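Colleague: need a 3D model of the sequence below.
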Amino acid sequence: MSGKTFPGDLREVPISVLAYIGDAVYELHIRLHLCKQSNAKSGTLHKMTVQHVKASAQAAAINRLLPLLTEEEQSIYRRGRNSQPGSMPKNADPAAYMAATGFEAIIGYLYLKGDQQRLDNLLATLLEEENHG
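Modeller: Here you go, the predicted model:
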């Protein structure tokens, strides 16, 4: 999956849009990873994907990545984490949901920035830690 450089100034893109794009990019990344690792049927793959992309899992992921983030990425994370959600799933932990939004914002930012190498490195770090932890 290759990121496309966003034609405008990323500082003008609403944080909710960065998170929206990041959510899709991260889910596709996880789906592709799981398909490479398993020959399970689509229903099973979906259940496995949900375990990675749910808010609590994304909150745990960002906690592992925080020490590795640049100042710019940390700023995007804080903006995403501190944004006011339009809606929140009724069973979601608000803190985890907000951290997940910050995580998704970073993913969306890197994707729209076209920094595929950085995006791939961060996501590979998460998957390596998962496989070894």
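Colleague: ok, residues contacting stretch 81-101?
Modeller: Residues outside stretch 81-101 that contact it (CB atoms under 8 Å, 6 or more residues apart in numbering): 15-16, 19, 55-56, 58-59, 62-63, 80, 102, 105. Yep, even glycine has a C-beta here, placed from its N, CA and C like the rest.
Colleague: shaky segments in the chain?
Modeller: For the chain, applying pLDDT under 70 flags the ranges 1-5, 85-86, 131-133.
Colleague: hang on, the earlier thing: now the buried members of the contacts of stretch 81-101.
Modeller: For those, a neighbour count by 16 or more other CB atoms under 10 Å gives the buried set as 15-16, 19, 55, 58-59, 62, 80, 102, 105.
Colleague: closest to Q74 among the residues you listed?
Modeller: G102 (9.4 Å; CB to CB).
Colleague: CA-only coordinates of the helix or strand hosting the closest one in CSV, if you can.
Modeller: Counting by DSSP states H and E, the element that carries G102 is helix 94-113. Extracted C-alpha coordinates of helix 94-113, given in CSV (Å, rounded to 0.1, in the frame of the first residue of the first chain):
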residue,chain,number,x,y,z
PRO,A,94,-13.2,7.2,26.9
ALA,A,95,-9.4,7.3,27.6
ALA,A,96,-8.7,4.4,25.3
TYR,A,97,-10.9,5.9,22.6
MET,A,98,-9.1,9.2,22.8
ALA,A,99,-5.7,7.6,22.7
ALA,A,100,-6.9,5.5,19.7
THR,A,101,-8.0,8.6,17.9
GLY,A,102,-4.5,10.1,18.4
PHE,A,103,-2.9,6.9,17.1
GLU,A,104,-5.2,6.9,14.0
ALA,A,105,-4.3,10.6,13.4
ILE,A,106,-0.6,9.8,13.3
ILE,A,107,-1.2,7.0,10.8
GLY,A,108,-3.4,9.2,8.7
TYR,A,109,-0.9,12.0,8.9
LEU,A,110,2.0,9.9,7.8
TYR,A,111,0.0,8.3,5.0
LEU,A,112,-1.2,11.7,3.6
LYS,A,113,2.3,13.1,4.0
